[in-house]
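Asks: one predicted model, sequence on top.
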Amino acid sequence: MTDSAPPLDSPSLYINRELSWIRFNHHVLEEAQDEGHPLLERVKFLSIFANNLDEFFMIRVSGLQRQAAQGVLKAPPDGMTASEQLVAIEKALLPELALQYDCWTKEILPRLYSAGIFIHLYKELDAEQKKALRTFFIEEVFPVLTPLAFDSAHPFPFISNLSLNLAIIIRDPKGKELFARIKVPTGLFPRLVRVPETGAGGHRDNKQVHLVYLEDLVAAHLDLLFPGLEVVGASPFRITRDADLDIEVDEASDLLTTVEEIMEQRARGTPVRIEVDSSMHESTCHMLEKKLGIGSHMLYRIGHPVGMADLMELLSLDRPDLKDPPFQPSIPPELAEEKDIFSAIRKKDILLFHPYDSFSPVINFIRQAAHDPDVLAIKITLYRVGSKSPIVQALLEARENGKAVAALIELKARFDEENNIGWARALERAGVHVVYGVVGLKVHAKLCMVVRREKDGIRRYMHLGTGNYNATTSRVYTDFGMFTCDRDIGYDVANLFNFLTGYARIDKYLKLAVAPVTLRTAIITRIDREIENHREHGGGHLIFKMNALVDQECINSLYRASQAGVTIDLQIRGICCLRPGLPGTSEKITVSAIVGRFLEHARIYYFRNGGDDEVFLGSADLMPRNLDRRVEVLFPVTDPAIKKALLSIILDTELKDNQQLRLMSGDGTYMRKHPESGEAPVDSQLWFLEHPGIWYNAGT
């Protein structure tokens, strides 16, 4: 540390978490702007950008607004108060929203038209098309609409979270202007309504599709809803509400029922944002602000359409020419469906790298266990399962075959509560031992253990992963899974399940690092060890790949390692509160992020350890919530071949990426990396697709 370097707790050394997240979401928007992606994939990124913003307001902005209203003074490490953060967020988001709509209207829409996908304004349609749509509206949509007036006899209607609405101004025969609201039934009909073929007036190209927005269709037929009145104007708007509702577990006698109640409350949370169409009259905006009790800074006047997350519907169009080419995930030969998976795991640990490797061996692992007469029990943690889960189906088959099955289903997995409640009830009905979570903690660890009776005694087989037991997300998230029957890991996993399902309190584990008990300490002590090794022998090196780096203690440790001369490569997809490249503090630290076709979701922690490489995989990012308020697991990779695959093939390729990788500067901004003179282009995700299974034989 130089004399000029600030102390490690100085706010100047930390980037604000929320502003860092906005920069991550900007990377998603950049993918929508990237002409190298197929057209509908660009639409997908635009939709993801909008959906990310919805969750950001529901959780992060709502929390800051509560802090500001309550006068909470405790600031994050960067020193910004809640009020200062809210101002900075608005300032950062306004240009992002402008870019979002420019991308849609100026880049993507014209290309959709050129590709035969037409999204019309209703007024642009010809008479035949309007006639066909009017019939559809009268027969299908009109019966479910409920116009709600607002006057002395009608209170201001409740507007649910993220619902799409029309704010309507009407004039009665006496010239008096009135306000009404209609909820657009997006949950019952597609947001983008297909114009009936009969309205085309002749032959149409098979590849062409004509669509209108549902709200535009409703607005065009308000004469049927307000007969005898003049419709002055109709503008779409949407409200985002506080969805970060805490569950008071200690006071909940029935957690499942409590979570169901919380889900109902979420739709009625405090408003945190109004999005209005740019056509909305100023007086209507003021009226909405007043009735919803929000300030003008919480109203976002944006372009058309309001609520761009719904554009994901376009991905359902049968246009493979406008999408990423499909690929066939590989399967390690020893895990082929007809093979005995337990025999394969006894021979060696086996790594899966999703989505490049198929998720089917994970399903097959549980399915074989369900039908194997020597299997006694299956235990698993389930966080985000999915709506049609082959994993849950395999667990149900296990119960039918008399196996003891225990499933910890985390009901508090945000926005997946309804799904998890349904699966919890189905498993309970089948006789599975279902546990809903741990008091005061959210269970985020990814573990499955199969207990099997064999000739030499009881053996435990484990699958440990970085991602959820979700077959759908495994096709779009990059994650690792490892099969092992290591005795020490088996002992640790068994103890951890005893903690999760019972009252066991485990303070030490043989090989696993477990939050909130040992994980932060395991990371920091190993960073300290790297510092000491480097001082004695040189060559200190750390490589951490994760989704977010926020924890101040861990950041301080990394700063100390950099000051000691340890080389540190951080690859962080999302939030990073550490500032790289600062003189005297973080000169030895580089931070990069990859955003591409697949969501980078894996966590790897590498310590050179004086040449005795140590590698951990797991579920935990370095954030206070993960380290203090969740059950997380990091597990060691001890097999030399897997370790070599992770370091020499996977991490090495990702760090050499010069197509999808962004390098972070000390001010928190990012610059896309490009090939240097004479350097070959490397797109790591594309490279893994083109070299399937190359990591299987890394040690040979």
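Replies: Okay, I see it.

Asks: just checking, next helix/strand downstream of the helix or strand of the chain with the lowest mean pLDDT?
Replies: Ranked by mean pLDDT, DSSP states H and E, the weakest helix or strand in the chain is helix 255-266, scoring a mean of 62. On the C-terminal side of helix 255-266, the nearest following helix or strand under DSSP states H and E is strand 271-277.

Asks: can you name the element that comes right after that following strand?
Replies: The first helix or strand that comes after strand 271-277 along the chain, using DSSP H and E, is helix 282-292.

Asks: other residues contacting that next one?
Replies: Residues outside helix 282-292 that contact it (CB atoms under 8 Å, 6 or more residues apart in numbering) are 150, 156, 159, 167, 169, 179, 233, 235, 237, 239, 271, 274, 276, 295-296, 298-299, 301. Heads up, the C-betas are built off the backbone N, CA and C, glycines and all.

Asks: sketch out the low-pLDDT regions of the protein for me.
Replies: Scanning the chain for pLDDT under 70 picks out 1-3, 151-154, 198-206, 245-267, 413-416, 699-700.

Asks: quick one, the longest helix seen in it and strand 271-277 angle?
Replies: Longest helix in the chain by number of residues (criterion: DSSP state H): helix 82-102. Angle of helix 82-102 versus strand 271-277, following axes from the mean of the first three to the mean of the last three CA atoms, to 10 degrees, is 30 degrees.

Asks: in helix 82-102, what's buried?
Replies: A82, Q85, L86, I89, A92, L93, L97, L99, Q100, Y101 (16 or more other CB atoms under 10 Å).

Asks: leaving out sequence neighbours, find the closest residue to V28.
Replies: Nearest non-adjacent residue to V28, counting by CB to CB, 6 or more residues apart in numbering: F49, 4.7 Å away.

Asks: revised request: answer the last question for S83.
Replies: Computed as CB to CB, 6+ apart, the closest residue to S83 that is not its neighbour in sequence is A68, at 4.7 Å.

Asks: wait, is the one you found part of a helix?
Replies: Yes - per DSSP: H, G, I helix; E, B strand; the rest coil, A68 lies within a helix segment.

Asks: contacts only, for it.
Replies: Shown in contact with A68 (CB under 8 Å, 6+ apart): T81, A82, S83, L86.

Asks: now with 7 Å?
Replies: By CB atoms under 7 Å, 6 or more residues apart in numbering, the contact set of A68 is A82, S83, L86.

Asks: for I543, same thing?
Replies: With contact taken as CB under 7 Å, 6+ apart, I543 is in contact with D569, Y606, L651.

Asks: which one of those residues is nearest V184?
Replies: Nearest to V184 among the contacts of I543, counting by CB to CB, is L651 at 47.3 Å.

Asks: so how many other residues sit close to the closest one?
Replies: L651: 19 surrounding residues under other CB atoms under 10 Å.

Asks: can you pull the buried residues of the longest strand anywhere in the chain?
Replies: Scanning the chain for the longest strand, with DSSP state E as the assignment, gives strand 230-241. By neighbour count on 16+ other CB under 10 Å, the buried set for strand 230-241 is V231, G233, A234, S235, P236, F237, R238, I239, T240, R241.

Asks: cool, stretch 318-327 as well?
Replies: Neighbour-count burial for stretch 318-327 [16+ other CB under 10 Å]: R319, L322, K323.

Asks: contacts only, for the second one.
Replies: Just to be clear, that refers to L322. Residues in contact with L322 (CB under 7 Å, 6+ apart) are P38, L39, L40, A115.

Asks: any quick ChimeraX command for the buried ones out of the residues you listed?
Replies: Typed into ChimeraX, the line below selects the buried ones among the contacts of L322, using 16+ other CB under 10 Å:
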select :38,39,40,115
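
Asks: from the contacts of L322, pick the one nearest L647.
Replies: The closest of the contacts of L322, once distances to L647 are taken by CB to CB, is P38, at 32.9 Å.

Asks: buried subset of the contacts of helix 282-292?
Replies: Counted by 16+ other CB under 10 Å, the contacts of helix 282-292 give 150, 159, 167, 169, 179, 233, 235, 237, 239, 271, 274, 276, 298-299 as buried.

Asks: out of those residues, flag the one nearest to L188.
Replies: Closest approach to L188 among these (CB to CB): I159, at 17.2 Å.

Asks: tell me which residues form a beta bridge with the closest residue to that closest one other than its chain neighbours?
Replies: What sits nearest to I159 in space, not counting adjacent residues and going by CB to CB, 6+ apart, is I239, at 5.1 Å. Taking DSSP bridges as the rule, I239 bridges to I274.

Asks: tell me the spacing between I239 and P190.
Replies: Counting by CB to CB, to the nearest Å, the gap between I239 and P190 amounts to 21 Å.

Asks: using JSON lines, lay out the buried residues of strand 230-241 together with distance to A394.
Replies: Formatted as JSON lines, these follow (distance: CB to CB, whole Å):
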{"residue": "V231", "distance to A394": "55"}
{"residue": "G233", "distance to A394": "55"}
{"residue": "A234", "distance to A394": "50"}
{"residue": "S235", "distance to A394": "50"}
{"residue": "P236", "distance to A394": "44"}
{"residue": "F237", "distance to A394": "45"}
{"residue": "R238", "distance to A394": "40"}
{"residue": "I239", "distance to A394": "41"}
{"residue": "T240", "distance to A394": "38"}
{"residue": "R241", "distance to A394": "37"}
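
Asks: nearest to A127 among those residues?
Replies: Distance to A127, by CB to CB, is smallest for V231 among the buried residues of strand 230-241, at 20.5 Å.

Asks: test my guess that the closest one contacts I170.
Replies: Yes - between V231 and I170 there is a contact at 5.6 Å, judged by CB atoms under 7 Å.

Asks: next up, the contacts around L46.
Replies: Counting by CB under 7 Å, 6+ apart, L46 touches A32, Q100, C103, W104, I108, M308, L311.

Asks: quick one, phi psi at the closest residue to the fourth one other than its chain neighbours?
Replies: Which is W104. Counting by CB to CB, 6+ apart, W104 lies nearest to L46, which is 6.2 Å off, once chain neighbours are set aside. Main-chain torsions, L46, degrees, to the nearest 10: phi -60, psi -40.

Asks: from Y113, how far off is L46?
Replies: The gap separating L46 from Y113 is 16 Å, by CB to CB.

Asks: ranges for the strands of the stretch 601-700 of the chain?
Replies: Along the stretch 601-700 of the chain, the stretches classed as strands by DSSP state E, counting those that start in this stretch are 604-607, 614-618, 630-637, 661-664, 670-672.

Asks: within the sheet, what are the partner strands of the fourth one, with directions?
Replies: Just to be clear, that refers to strand 661-664. In the sheet, strand 661-664 lines up with strand 589-594 (antiparallel), strand 670-672 (antiparallel) (DSSP bridges).

Asks: what does the first one give?
Replies: Strand 604-607 pairs in its sheet with strand 541-546 (antiparallel), strand 614-618 (antiparallel), by DSSP bridges.

Asks: how about these in TSV, adding distance to N697?
Replies: Below are those laid out as TSV (distance: least, CB to CB, whole Å):
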stretch	distance to N697
strand 541-546	22
strand 614-618	18
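
Asks: those strands: which one's closest to I409?
Replies: strand 614-618 (19.9 Å).

Asks: angle of the closest one against strand 630-637?
Replies: Per the same axes, to 10 degrees, the angle that strand 614-618 makes with strand 630-637 is 140 degrees.

Asks: for the helix or strand hosting A398, which helices and strands make contact with it?
Replies: Counting by DSSP H and E, the element that carries A398 is helix 390-400. Packing contacts for helix 390-400, counted by 3 or more CB pairs under 7 Å, 6 or more residues apart in numbering; DSSP states H and E, involve helix 360-371, strand 404-409, helix 417-429.

Asks: go again with 10 Å.
Replies: Judged by 3 or more CB pairs under 10 Å, 6 or more residues apart in numbering; DSSP states H and E, helix 390-400 is in contact with helix 360-371, strand 375-382, strand 404-409, helix 417-429, strand 447-454.
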